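Enquirer: Below: sequence and its predicted model.
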Amino acid sequence: MVSRMLRSTVAVIGLAGGLLIGAPLLGVETNVGAGTSPTPCASAASLLFAHQDGSVNEETPTSPTCSPAPYYGSMAGTHLTAPVVGIAATPYGGGYWLASADGGVFTFGDANYYGSLGGHHLNAPIVGVTATPDGGGYWLVAADGGVFSFGDAQYWGSTGGIRLNAPIVGMSADATTGGYWLVASDGGVFAFHAPFFGSMAGTRLAASIRFIEGTADSGGYRLVGGDGGVFDFGDAQFFGAALGLKVYGWGAMTSTPDDGGYWLATNYAPGAALNVESFGDAVGYGEHLSAGALTTSPIVAATTYLPFNGSAPPPPPAQGGNGPVPPTGCLPAPGSVPVIVQQPSSEDVPVGGSASFTAVASSTPAATVQWQVSIDEGVSYSNIANAVSPTLTFPVTPSESGGFYRAYFTNTHGSTFTNSVTLTVGNAPDVVVEPTNQVAAPGATATFTASATGTPTPSEQWESSSDGGKTWIGIANATSNTLLIGVTAEQNGNLYRAYFSNSSGAALSSVAELLEPPIVEC
């Protein structure tokens, strides 16, 4: 095992309980090309390292029997509106993508441009980019778990709109199912159209988990901590960790093509411009990068870059026939990701009535819409059958009260959700017991009673008037069906009524008067 700048013995640890990991990684590494057939040079694959400033460094093999993957440039020296957060390579060594925190996507070599979120308002910053196994698309993932799909990348769900215990920090694709995994900084793993193999959620960690990487056969995944701790699930094998090196701020991890080892990288080691540690069958590299100028900007991601041997099929064409994009940046493909221009509004509907929600999105090409409902206060949503029009209308039943509704818009450039709105089903209050006039002498107690029905159960507030009903004032703490009045001489002739209300409407009771008893002469 050869490492740059550090020669310490690697402390080999397993997944035994009680492990504490020390400091957070800086970004997200993308697992690209998992499940593809390795080329004859795959054992000596190149490595790509992306930095926040858009720089890309490349380590190339020294084997004389094969050619390294080409270097196609970077965004170094280019004004970026947001830092770069991820890198993903095409599966056959012909190019790569960079993604920035504002959702911008930059293409190099034969990496086709399928769209981006640049210029769109995001609820949370993008934290990584992951390519589909065939290189025909990619996903962007945000810190709130929002997932945005482009090209042939399919959307299977997200944690966007769900309250999380910790932010999402990484994503990895399942090459077998076409699904993906998300990981949060507390080690929680969320599987979408992909098997769940376990997580570190609920385990005491001294530092954040910052990365997830699926195995080549999609039978497992690894979680990586900021000090280089490695945690394996499913068939992912443990080849070592960097805990014993006492170097913190490991910025990225990427695996060998045969999944027999992996590399950890950082440029936070004291006095080191770049430090790469190898584990398992991951080969050590020389002291000098073959391409890309070194920078002090933090490493945010790395990926294994397979050299092209001429036998692999070419990647799919770009959307709209855009073709390969020059390494100086990306050309906008025709169209745009859906943007919500009309949000739905919450509905209060009486029993037997109909609810109607409307949402509109603007995009090119026009987006399709699918309405979804949640019966667990927004924790999970399911599609509503045949609800594929901008306006969703349906007759309501009392059991549907409290449901959450939202619309999901998607086209070839991406997808987005509307806000979640609620449905309340009920009847306005109907007064069934009216108050009556009461006769009581000063010092006695007068009792007024009123009640109403309604769905949901209406609230009640008693009011009084001392000017013949011209003005009414709410009586403090008088919110039950029965109103008790300690009578004084000044209250003779006062009027009283009850006000009932719920989410479906309001109603007033009739007016009752407080009278003194007549004077009886003996």
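Expert: The structure has been received and is ready for your questions.

Enquirer: Nearest residue to the middle of this structure?
Expert: Centroid-nearest residue in the chain, with Cα atoms, centre = their mean: Gly145, separated by 1.8 Å.

Enquirer: ok, for that residue, nearest residue in space, not its chain neighbours?
Expert: Nearest residue to Gly145 in three dimensions, chain neighbours excluded: Thr159, at 2.8 Å (Cβ to Cβ, 6 or more residues apart in numbering). Every residue, glycine included, has its C-beta placed from N, CA and C.

Enquirer: now the helices for the stretch 251-400 of the chain?
Expert: Taking DSSP state H, counting those that start in this stretch as the test, none of the stretch 251-400 of the chain falls into helices.

Enquirer: sorry, back to before: what distance do you get for the residue nearest to the centre of the chain to Ala166?
Expert: As judged by Cβ to Cβ, to the nearest Å, Gly145 and Ala166 stand 10 Å apart.

Enquirer: so what sits against both of those two?
Expert: Common contact partners of Gly145 and Ala166 (Cβ atoms under 8 Å, 6 or more residues apart in numbering): Ala184.

Enquirer: Check which helices and strands the helix or strand harbouring Thr422 sits against.
Expert: Assigned by DSSP states H and E, Thr422 falls within strand 421-433. Counting contacts by 3 or more Cβ pairs under 8 Å, 6 or more residues apart in numbering; DSSP states H and E, strand 421-433 packs against strand 347-350, strand 354-358, strand 404-411, strand 451-455, strand 495-502, strand 505-508.

Enquirer: so after that strand, what's the next helix or strand?
Expert: That would be, after strand 421-433 and using DSSP H and E, strand 438-439.

Enquirer: how far out from the middle of the chain is that next one?
Expert: Centroid separation between strand 438-439 and its chain, computed with Cα atoms, centre = their mean, to the nearest Å, is 63 Å.

Enquirer: Sheet partners, orientation included, of that strand?
Expert: Strand 438-439 pairs in its sheet with strand 512-515 (parallel), by DSSP bridges.

Enquirer: pLDDT on stretch 401-409, on average?
Expert: Stretch 401-409 shows a mean pLDDT of 92.

Enquirer: Convert it to CSV, retaining C-alpha atoms only.
Expert: Output in CSV follows, covering the C-alpha atoms of stretch 401-409 (Å, rounded to 0.1, in the frame of the first residue of the first chain):
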residue,chain,number,x,y,z
SER,A,401,-60.5,14.9,6.5
GLY,A,402,-56.9,15.8,7.4
GLY,A,403,-55.3,14.4,4.3
PHE,A,404,-52.3,16.1,2.7
TYR,A,405,-52.3,16.6,-1.1
ARG,A,406,-49.5,17.7,-3.5
ALA,A,407,-48.8,17.6,-7.3
TYR,A,408,-45.7,16.2,-8.8
PHE,A,409,-44.6,17.7,-12.2
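
Enquirer: Mind listing what's buried along that stretch?
Expert: Applying a neighbour-count criterion of 16 or more other Cβ atoms under 10 Å, one finds 401, 403-409 buried in stretch 401-409.

Enquirer: for the residues you listed, which one is nearest Thr176?
Expert: Tyr408 (25.0 Å; Cβ to Cβ).

Enquirer: And the closest residue to that closest one other than its chain neighbours, how far from Leu205?
Expert: Spatial nearest neighbour of Tyr408, chain neighbours left out: Gln370 (4.8 Å); criterion: Cβ to Cβ, 6+ apart. Between Gln370 and Leu205 the distance is 37 Å, computed by Cβ to Cβ.

Enquirer: what does Gln461 give?
Expert: With Cβ to Cβ as the criterion, Gln461 and Leu205 are 52 Å apart.

Enquirer: still on that earlier bit, dump the helices and strands packed on strand 421-433 into TSV; add distance to Val421 as well.
Expert: Putting the helices and strands packed on strand 421-433 into TSV (distance: least, Cβ to Cβ, whole Å) gives the following:
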stretch	distance to Val421
strand 347-350	7
strand 354-358	7
strand 404-411	6
strand 451-455	20
strand 495-502	19
strand 505-508	20
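
Enquirer: and of those, who's closest to Tyr262?
Expert: Checking the helices and strands packed on strand 421-433 against Tyr262 by Cβ to Cβ gives strand 404-411 as the closest, at 34.4 Å.

Enquirer: so what strands line up beside that closest one?
Expert: Assessed with DSSP bridges, strand 404-411 is paired to strand 368-374 (antiparallel), strand 414-417 (antiparallel), strand 421-433 (antiparallel).
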